[in-house]
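# Here's a sequence, model it:
(6 chains)
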Protein chains: 6
Amino acid sequence: MTGPRILLLNPNTSAEMTERMLAAGQSAAAPGTTLVPLTAGRGVPYIATRAEAQIGGAIALEMLAEHHREVDAAIIAAFGDPGLFGARELFDIPVVGLAEAAMLTACMLGRRFAIVSFARALGPWYEECVAMHGLAGRCAGIRLLDSPFQQVAEVQEEKEDLLVQLANKSVREDEADVVILAGAPLSGLAAKVAHRILVPVVDQVAAAVKQAEALLALKPRKATEGTFKRPPAKRVIGLPDSLAARITHSDGNFET
Amino acid sequence: MTGPRILLLNPNTSAEMTERMLAAGQSAAAPGTTLVPLTAGRGVPYIATRAEAQIGGAIALEMLAEHHREVDAAIIAAFGDPGLFGARELFDIPVVGLAEAAMLTACMLGRRFAIVSFARALGPWYEECVAMHGLAGRCAGIRLLDSPFQQVAEVQEEKEDLLVQLANKSVREDEADVVILAGAPLSGLAAKVAHRILVPVVDQVAAAVKQAEALLALKPRKATEGTFKRPPAKRVIGLPDSLAARITHSDGNFET
Amino acid sequence: MTGPRILLLNPNTSAEMTERMLAAGQSAAAPGTTLVPLTAGRGVPYIATRAEAQIGGAIALEMLAEHHREVDAAIIAAFGDPGLFGARELFDIPVVGLAEAAMLTACMLGRRFAIVSFARALGPWYEECVAMHGLAGRCAGIRLLDSPFQQVAEVQEEKEDLLVQLANKSVREDEADVVILAGAPLSGLAAKVAHRILVPVVDQVAAAVKQAEALLALKPRKATEGTFKRPPAKRVIGLPDSLAARITHSDGNFET
Amino acid sequence: MTGPRILLLNPNTSAEMTERMLAAGQSAAAPGTTLVPLTAGRGVPYIATRAEAQIGGAIALEMLAEHHREVDAAIIAAFGDPGLFGARELFDIPVVGLAEAAMLTACMLGRRFAIVSFARALGPWYEECVAMHGLAGRCAGIRLLDSPFQQVAEVQEEKEDLLVQLANKSVREDEADVVILAGAPLSGLAAKVAHRILVPVVDQVAAAVKQAEALLALKPRKATEGTFKRPPAKRVIGLPDSLAARITHSDGNFET
Amino acid sequence: MTGPRILLLNPNTSAEMTERMLAAGQSAAAPGTTLVPLTAGRGVPYIATRAEAQIGGAIALEMLAEHHREVDAAIIAAFGDPGLFGARELFDIPVVGLAEAAMLTACMLGRRFAIVSFARALGPWYEECVAMHGLAGRCAGIRLLDSPFQQVAEVQEEKEDLLVQLANKSVREDEADVVILAGAPLSGLAAKVAHRILVPVVDQVAAAVKQAEALLALKPRKATEGTFKRPPAKRVIGLPDSLAARITHSDGNFET
Amino acid sequence: MTGPRILLLNPNTSAEMTERMLAAGQSAAAPGTTLVPLTAGRGVPYIATRAEAQIGGAIALEMLAEHHREVDAAIIAAFGDPGLFGARELFDIPVVGLAEAAMLTACMLGRRFAIVSFARALGPWYEECVAMHGLAGRCAGIRLLDSPFQQVAEVQEEKEDLLVQLANKSVREDEADVVILAGAPLSGLAAKVAHRILVPVVDQVAAAVKQAEALLALKPRKATEGTFKRPPAKRVIGLPDSLAARITHSDGNFET
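The predicted structure follows:
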């Protein structure tokens, strides 16, 4: 028996980050689960703002349009979940967001989770992501480092100690019961520092892989009613071929 | 003295709809205000879903990147406000959303507004738009026609009577104090049917034009702090030139 | 063509404040708009508490009863909006509150606005005003100076520097994206200090004038259903003549 | 030992209603408690709208200014609590609202209470009263009779059966656990019909008397800090003598 | 005439605390009211955590099953209200919680109350209690002493000064209008320190006694519909006799 | 390598229900996961009310005290999650609730989930469970069959068609995007009827098993700070031995 294939879709253009996330995901995956990594071919190296998320989310839809038939489920692997609800609507497979998976998992480990990350710029986008999922009441706060860093790909090594301190500060001052180390560049850090943090720590990619597996175990059908049924066919102009085919419903003949 | 120029940015590809919106806007504009119409060159004829809003919002950013220096303010002229917060962050001029303007204006005419439109498909997106603006508590409900229509460009003529009935139903059953006739295809309808609806009616484009004028009267500076300051320069791959220039901050030399 | 006449109704007894507000309003008004100033003949010089707002709101209704037929719209020109909902119910013309207009306008310039003012005593009333409009989720906080001042009529000159500091503090510590300089005595200050504040600043009177103009552009009918329709006639004892006539519906013969 | 004196302040001009409320209150009062009835000398016979509440609340403050020194506590005896927060701020004795007392008492008898009354016109004001007290989450709904009635003073006899039916409907359809028969004209009705309603019923005046007694048992001091401390002295123009004296702090010499 | 009998049910095993509560309650009770003290025979000396509240609430139900027929109403006399909603459902007499009574009473003395207590361990449970009652919006915060104490039975004497300081801090920094001295060991402290606290202070037991009296004055029937009607008979295994009889409905023949 | 052992703790006394849940859980478990079933030795056959949940939750703590050292994680297998937060606080292993797991999983399949079950009596408890988890905003409604059933152990067969109809009604009328078939007696039903329901369906036990596996993959430490750290030792009277040992911290020497 072959296990499920889960697309690890990085809507950023940084292949190093895809690598880090793949490693973190594989260490949590069940036997038989295959993670299929995919890095965005265009966009920004690291989404951090609303404008970048708007663009990156559209790119995520393009990537899914090309690859969704090759996998059983997909993870949108950027904390902030760009394009998540559009993807859930447009495609038939389960799609999970990195932030969504981390936050929902954290809810089972305590009353309120803290989101801890490495750059102030991420704050507004993360806060809107929490609200978008209706989880503001479960969030103890978002704590962000304020100092500049050398390279985003190495930020988890460079700032390890400061991030641990910030996590423990959120426990002591914000009454967080759980800590999420958020942002693709921090993937895998939880395993290294969990023993230095006073409460359970959630690795976002590990959480996303387990949540994708959970959805697959439920064998959920594509909604044929409700707000996530597939939209009716619509004409398009100037969109990439696969995405255009998906929206115009001319992708039917590709079905296997 | 020349008055302000306001970009009426239609993120849909339908030029007919731009025309309707232009007419509705001009009848409300102050003397001296010039509305500059702009229709999307790519995308869908009429955004109605989350996925289309994700794509259409990214297109709106591309359009703004090309034209923001030619105007004093911009309206994102699709009810649902695709790309609004990204635009507000990325550009220096005031940007207003059609839904935002209609809802905030409606707040001054009653306790709760109803959103009335012509197609059930719009419901989920509109509801998330209301929540995104933090106005769920002021919304009496979203009422949508359920029957098919011939052509979206003529839907306001075809469904005029049904829309009036639906509006009055929202007043009687949902305790709406104000009605918003929502969706670009209904632009200009308010003026025709207001006398048949029991409470004040808001025309979304008229509201957006007046709100853009209001912001211009305040001469607001671009934020240099807070969540809407311009993001720092970032590398990009594969984005349209103007948008790339705006994100990489290489657009400085275009300044006049 | 004559433009609209907008009543600038100051429910305080201080004529100096009416003057300041008139100046701030005129600099924002569209060509053709006429502002008609009116100062309360009884009450307190400067409403600052719930009890004073209860009394001042009733006085605002008396003033409107006398003058509503002479204008096309009215502004209740005290931040806190005393009597606003009663006025909206009782009279046929659009009525806008100073706080309401400032807050709704601010919503288009950022995610959360700060309310900055000159006296701690104003806090409870302002906070209840924010809640009354359902905008608590959009308010970053209310920041008030704590030191005594010489004369309320000159407080904006006396405290200019402290107010600017407080505004910037609300940006840095409360994550405010917009600042409202609140309270009639601060009218006109925004224009003077906007360049020293890190985010857009809203002048409350300018906002109110533009919002009254926006409502007039929509030509809203008086509600004949919903919660703001005119109440049925009722007997009264011991109320001022004009107000009594409006409540008893014996004002019909004054109609032109 | 003499028991406490509680002012039963009716801000309406109808003495019949004061009589009904006095009877309902006396049947619940503890031995030794004296209820002191007081009917408004000016205003409307029965407050039902926001405008009337604005005016009636100001009148309530005038009445309290004249009589607060003669009693130990006061009840503002109109469901909707006109002037309550201003009164709590301005005077030193405990002041309770009819709606407030009924709702808080109802909270101890079930999860959500229904407010049942005799006229649709009361709905908007009642709803805003619930929100003002932060109790929307505990309110199952407001149910109002829709048919005209003969005389407000006799409405409880005329509509007894319809009110019982409406109360039971709110239990069955809105999942109300408790019913409040709201509005001064319904005072005393609970005792007559409680056995015909499926859940506990709260008489608003009985609740208010018991809550005033509860506050008196706590011997609460007047706040000297927080949002309900007495406001500092302020100049006034054209207000009734007692109220003016209270606001200007020239009432000190009346102290005994 | 004999007055009502109110069970003062302490779900803790500490008889000293029952004594303190009895004294505080008696000083507030109306003439004729009899308080019937009852201390848990098993459990913990002082409930402070969720697990202890789960166990203590079940014990409270056992105690009520044995004694509810001997009284007219009951108080669950632990701040946090263990077992309250189950008790309200299972038994026919009115049941009031200590926290519930204190908080609802405090609502009539100000906009937001502070909960002040002597041990950090109580925080999570208290916070969930506030939320359970839907009163988070009325709570200014929970302030807890952080230092160890000698004996819980004497903690109010030992920490009197620190508690007063903490209460005043909550007034000054959290904008609390009222203070609740929470936790059975602090019963009776309010009377001793009220003059040193800047706002009204609520004694939890005094409040609970007055609220039980208030409910009795309303003569509320047991709900026969809604969420608090008596559950239908159900089989049980291994529960104490009285509780088993109440759940299986075999307690009917014990009725007097 | 041996996989994890997960306790499937049924706080009801019905062994048939444990069997059903075990079957549903095993079909979703990852290879290597062992489910350890455990049925309550005392209590009620099927918890349906607040009082029963209070008692059943205390029994769940007793069961966990006896068995927590034999497993890696535990599921409290009653929809409504009796004793969940107390268990999470008192023990060191991850503990998941059936309702919690089903609801959080459902959040990744749509915007709002419906809870569908077989008996009206469950409504109040389920609603409070949703609120306790802070998920009211994600819940489209709770729909319950209203007709009597023969035997709870066979209710899913007896009512299959009615439950499917009710589920689809919740999709069409409440805009549910996902359906949870709730209550232990409905375990395993999802797999049988999913194709007849218009949106994805969540099996509560399958969800709980996957969520327990997800938590185990994160290897979360026991909190040593925050609201779920182990409470300090406390004296107890009259509690079962294992539970007493856990609370008094005299269980240390049992550690292996």
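# element containing A:Ile115, please.
For A:Ile115, the enclosing helix or strand under DSSP states H and E is strand A:113-117.
# Downstream of that strand, the next helix or strand is which one?
Following strand A:113-117 in sequence, per DSSP H and E, is helix A:123-132.
# Quick one: distance of that next one to the chain centre.
Taking CA atoms, centre = their mean, to the nearest Å, one finds the center of helix A:123-132 at 13 Å from the center of the full chain.
# is any part of it close to chain B?
Yes - Helix A:123-132 comes into contact with chain B (CB under 8 Å from any CB of the partner chain), by way of A:Gly123, A:Pro124, A:Glu128, A:Ala131, A:Met132. For glycine as for every other residue, the C-beta is placed from the backbone atoms N, C-alpha and C.
# Repeat that for stretch A:14-34.
No - using CB under 8 Å from any CB, stretch A:14-34 stays clear of chain B, coming no nearer than 10.1 Å.
# Which residues does that stretch contact?
A:1-6, A:8, A:10, A:35, A:37-39, A:45-46, A:75, A:77, A:152-153, A:184-185, A:187-188, A:191, A:203, A:205-210, A:213, F:30-32, F:213, F:217-218 (CB atoms under 8 Å, 6 or more residues apart in numbering or on different chains).
# Just the buried ones from those residues?
A:3-6, A:8, A:10, A:35, A:37-39, A:45-46, A:75, A:77, A:152-153, A:184-185, A:187-188, A:191, A:203, A:205-210, A:213, F:30, F:213, F:217-218 (16 or more other CB atoms under 10 Å in any protein chain shown).
# Could you list the low-pLDDT ranges of the stretch 151-256 of chain A?
Within the stretch 151-256 of chain A, the stretches with pLDDT under 70 are A:253-256.
# Buried residues, stretch A:155-169. List them.
A:Val155, A:Gln156, A:Lys159, A:Leu163, A:Val164, A:Gln165, A:Leu166, A:Ala167, A:Asn168.
# what separates the helix or strand hosting A:Arg20 from the chain centre, distance-wise?
Using DSSP H and E, A:Arg20 sits in helix A:15-26. Distance, stretch centre to chain centre, for helix A:15-26: 12 Å (CA atoms, centre = their mean).
# Tell me where the stretch 51-200 of chain A has strands.
A:73-76, A:95-97, A:113-117, A:139-144, A:178-181 (DSSP state E, counting those that start in this stretch).
# for the last one, packing partners?
By that I understand strand A:178-181. helix A:98-107, strand A:113-117, helix A:160-174, helix A:189-193, strand A:201-203 (3 or more CB pairs under 8 Å, 6 or more residues apart in numbering or on different chains; DSSP states H and E).
# mind running it again at 10 Å?
On a contact count with 3 or more CB pairs under 10 Å, 6 or more residues apart in numbering or on different chains; DSSP states H and E, strand A:178-181 meets helix A:98-107, strand A:113-117, strand A:139-144, helix A:160-174, helix A:189-193, strand A:201-203, helix A:204-217.
# Please save the CA atoms from that strand in CSV.
The C-alpha trace of strand A:178-181 is given here as CSV (Å, rounded to 0.1, in the frame of the first residue of the first chain):
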residue,chain,number,x,y,z
VAL,A,178,1.8,27.3,24.2
VAL,A,179,4.3,28.8,21.9
ILE,A,180,4.3,28.8,18.1
LEU,A,181,7.6,29.5,16.5
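# Listing partners with orientation, what would you give for that strand?
According to DSSP bridges, strand A:178-181 forms sheet pairs with strand A:113-117 (parallel), strand A:201-203 (parallel).
# ok, now the longest one?
Here the strand partners of strand A:139-144, with direction, are listed using DSSP bridges: strand A:113-117 (parallel).
# any idea of the mean pLDDT in the partner strand?
For strand A:113-117, mean pLDDT rounds to 98.
# Now do it against helix A:98-107, angle only.
Taking axes from the mean of the first three to the mean of the last three CA atoms, to 10 degrees, one finds strand A:113-117 and helix A:98-107 inclined to each other by 140 degrees.
# quick one, strand A:113-117 and helix A:160-174 angle?
150 degrees.
# who's in contact with A:Ala106?
A:112-115, A:135, A:138-139, A:176-180, A:199-202, A:204, A:207, F:104, F:218, F:220 (CB atoms under 10 Å, 6 or more residues apart in numbering or on different chains).
# From those, list the buried ones, please.
Buried, going by 16+ other CB under 10 Å: A:112-115, A:135, A:138-139, A:176-180, A:199-202, A:204, A:207, F:104, F:218, F:220, out of the contacts of A:Ala106.
# Report how many residues lie close to A:Glu66.
17 (other CB atoms under 10 Å in any protein chain shown).
# swap that for A:Leu22, please
Residues near A:Leu22, counting by other CB under 10 Å: 19.
# Quickly note the distance from it to A:Val202.
18 Å (CB to CB, to the nearest Å).
# now A:Gly86
In terms of CB to CB, A:Gly86 sits 25 Å off from A:Val202.
# can you check A:Pro37 too?
21 Å.
# What of A:Ala119?
In terms of CB to CB, A:Ala119 sits 19 Å off from A:Val202.
# starting at the chain centroid, how far to stretch A:177-191?
12 Å.
# follow-up on the earlier one: any chance of the residues of helix A:123-132 next to chain B in a markdown table, with neighbour count, distance to F:Glu70 and pLDDT too?
Below are the residues of helix A:123-132 next to chain B laid out as a markdown table (neighbours: other CB atoms under 10 Å in any protein chain shown; distance: CB to CB, whole Å; pLDDT from 0 to 100):
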| residue | neighbour count | distance to F:Glu70 | pLDDT |
| --- | --- | --- | --- |
| A:Gly123 | 17 | 44 | 96 |
| A:Pro124 | 22 | 47 | 96 |
| A:Glu128 | 17 | 44 | 97 |
| A:Ala131 | 15 | 42 | 97 |
| A:Met132 | 19 | 41 | 97 |
